[in-house]
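[1] Let's see this in three dimensions:
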Amino acid sequence: MAKLIVNGILKRVDPNETVQTALLIDNGRIAAIGDPSRINLGLYDGVETIDAAGAVILPGFIDAHNHYTLMGIQSTELDLTGLKHRALILAEIQKKHKTLDASKPLIGSNYEFDFVEVSERLTAEDLESAAPGRMIQISDRGGHLSVTTRVTLARAGIDLRTEGCQDCVFPCGLNSKIFTGEICGVVNSDLNNFMRQALRNEQLLKLAWKHAAEVAVSHGVTSVHGIINEEEYLALNSYRECLPVRLKIYAETKNVKAVKAAGLKQIGGCGKVMLDGDTGPYTAAFLEPYTDRAWTRGLLYYSNEELEDFVWEAHSAGLQIALHCIGDGASDQLLTILEKVMERKPRALRHRIEHFEFGTHDQIERAKKLGVMISMQPAFNYFWPHDTYISQLGAERALRSDPVGSVVRSGVPIGFGSDCPVTPCDPLLTIYSALHHSLENQRISADQAIAAHTIGAAYIGNDEKELGSLSVGKAADLVFLDADPAAVAPHEVKEISVLKTVVCGEAVYQK
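    Down below sits the predicted model:
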């Protein structure tokens, strides 16, 4: 049955107009937009009228970078958000330890490492006392650093003198007799994978994926660009039709043939294919040394030769490539490789830089010339404003952190995402963050932010003909809000409520 939505305020996005008129849905698509008295309802075998009661209706939000499985799994983990004192953190760990099955590992997330005083930071000894005998890993919000114990690493079969750590500059003590418990880089990634293996069975993964979908649609997200690890993407690809949210899978693997065989058209993300790490553990790769550690520029996880081989294979196979780059050194490496590959074989595949957190003006111009897209997460600046980085990177680099406004003004196609669970899957928080960037020259308007979370995200996912705007012929993916983000005071944007979410013409969330 067709559905006629009346008494709503439509923000169409593309074109950029807000109109009070009706919207007709038929067979999951937008069939008409206009005065209800002029829509020929006689063409349809029954029409259900839906009174929007003054709600503001936007195209469904698209989360253009989301660790979808982790978003679902994290609900079962210990959340340490907001705790900045050792005693409080350890009390929560002890509480979780006492209630958790003895055979299961204790995984904690959102440890506020960047905001905890050095004297208050967790150690291996702390974890051994709070959860004796337990396999345990406590990760920071970005997931690039964690605290664990020697026993945990030993049970995971992770060598404390692993080759991947030989050039690391982070003072974790892996190669000395003094082990602090803090790990990063290769060891951290390996432990992440090992600790979550218990969740990699069909039943628990499906529960996690369903929960992630529920979280997404409750925040008005109708489509997710899911960054999925190598061990899970095939199972999720088979299951995604069962979910009430659209899912575009970016497989974190270098196995191009397997991705093609699965019918996917994109590859990359973070995890095993990320080009660098993060600033907290000094693993983000920069063109110049860190200010407070002049002997290092961070880490590039791939040599130029290794990266070029992978990018060439994926590009030649017609796959869109999306790769994690935090530091300007990583962005520079990817752009240099893409320039070489595109010169050998020009193809408009809309390759992407994920995060681009410290990208330079020159790199923005190079991306524009190459036709490279940028996927950004403005909520990074909400949790880590630019002054967070001054001691590590100096004022000059800190003043170009999260260059949202620069990318938007350049005309380089940009899509917004959450990087959930690093920051919440909450587009209204993302929009708020873009409006309130800690650097005034990087702020954008509410309408620009909405566009980046809808038609912009659709474009960088090669879906703009199907998604991203309220246009006749496109999929009927809608979000009903109780206010227009462009019409309220900027400080009120993140308090706007999602009233209803519609995917393919069907309501999947109702407040």
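
[2] Hmm, residue 291 and residue 393 touching each other?
    Yes: the pair residue 393 and residue 291 qualifies as a contact (CB atoms under 8 Å) at a distance of 5.6 Å. Backbone N, C-alpha and C define where each C-beta goes, glycine included.

[3] Compare neighbour counts for those two and give me the winner.
    Each of residue 393 and residue 291 has its neighbours counted (other CB atoms under 10 Å); residue 393 has more, 24 against 17.

[4] from the chain's centre, how far out does the helix or strand hosting that one sit?
    Assigned by DSSP states H and E, residue 393 belongs to helix 390-398. Remark: helix 390-398 is offset 24 Å from the chain centroid, using CA atoms, centre = their mean, to the nearest Å.

[5] Next secondary structure element downstream of it?
    Going down the chain from helix 390-398, the next helix or strand is helix 404-410, by DSSP H and E.

[6] mean confidence score for that following helix?
    For helix 404-410, the mean pLDDT works out to 98.

[7] right, and the helix or strand after it?
    Counting by DSSP H and E, what follows helix 404-410 is strand 414-416.

[8] Can you list the low-confidence ranges for the stretch 51-200 of the chain?
    Flagging of the stretch 51-200 of the chain using pLDDT under 70 yields the residue ranges 160-177, 199.

[9] Let me see the ranges of the strands in it.
    All strands of the stretch 51-200 of the chain, identified by DSSP state E, counting those that start in this stretch, fall at 56-59, 61-66, 78-79, 106-111, 136-140, 145-148, 182-184.

[10] Nearest to the middle of this structure, which residue? Look it up for me.
    Centroid check for the chain by CA atoms, centre = their mean gives residue 419 as the closest residue, at 1.8 Å.

[11] Provide a list of residues in contact with the residue nearest to that residue when sequence neighbours are not counted.
    The shortest distance from residue 419 to any non-neighbouring residue, by CB to CB, 6 or more residues apart in numbering, is to residue 377 (4.7 Å). Residue 377 sits next to 65, 355, 416-419, 422-423, 430 when contact means CB atoms under 8 Å, 6 or more residues apart in numbering.

[12] Highest neighbour count among the residues you listed?
    Neighbour max across the contacts of residue 377 (other CB under 10 Å) = residue 417, 32 neighbours.

[13] Would you confirm that residue 233 contacts residue 249?
    Yes: with contact defined as CB under 8 Å, residue 233 reaches residue 249; the gap is 5.4 Å.

[14] any residues in contact with both of these two?
    Counting by CB under 8 Å, 6+ apart, the common neighbours of residue 233 and residue 249 are residue 264.

[15] Would you pull up how far the helix or strand where residue 433 lies lies from the middle of the chain?
    Assessed by DSSP H and E, residue 433 sits inside helix 427-435. Distance, stretch centre to chain centre, for helix 427-435: 14 Å (CA atoms, centre = their mean).

[16] Now tell me what touches it from outside.
    Helix 427-435 is contacted from outside by 61, 63, 219-221, 377-382, 404, 416-418, 423, 443-446, 448-450, 452-453, 485, 490, 493-494, 496, 498, using CB under 8 Å, 6+ apart.

[17] Keeping just the C-alphas, turn stretch 500-510 into CSV.
    Presented in CSV, the C-alpha positions along stretch 500-510 are these (Å, rounded to 0.1, in the frame of the first residue of the first chain):
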residue,chain,number,x,y,z
LYS,A,500,10.8,8.1,13.6
THR,A,501,13.2,6.4,11.2
VAL,A,502,12.0,4.9,7.9
VAL,A,503,14.0,2.6,5.7
CYS,A,504,12.6,1.6,2.3
GLY,A,505,9.2,3.1,3.2
GLU,A,506,8.8,1.1,6.4
ALA,A,507,9.1,2.5,9.9
VAL,A,508,12.0,0.8,11.7
TYR,A,509,12.1,3.1,14.7
GLN,A,510,9.4,5.1,16.5
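
[18] Identify each buried residue in that stretch, please.
    Neighbour-count burial for stretch 500-510 flags 500-505, 508-509 (criterion: 16 or more other CB atoms under 10 Å).

[19] Disregarding residues adjacent in the polypeptide, which is nearest to residue 96?
    residue 78 (4.7 Å).

[20] quick one: that neighbour from residue 131, how far?
    Residue 78 sits 10 Å away from residue 131, going by CB to CB, to the nearest Å.

[21] thinking again about what came up before, list just the nearest of the contacts of residue 377 to residue 301.
    Of all the contacts of residue 377, residue 355 has the smallest distance to residue 301: 14.3 Å, by CB to CB.

[22] The closest one and residue 255, how far apart?
    Per CB to CB, residue 355 is found 23 Å from residue 255.

[23] Likewise for residue 419?
    Distance, residue 419 to residue 255, by CB to CB: 24 Å.
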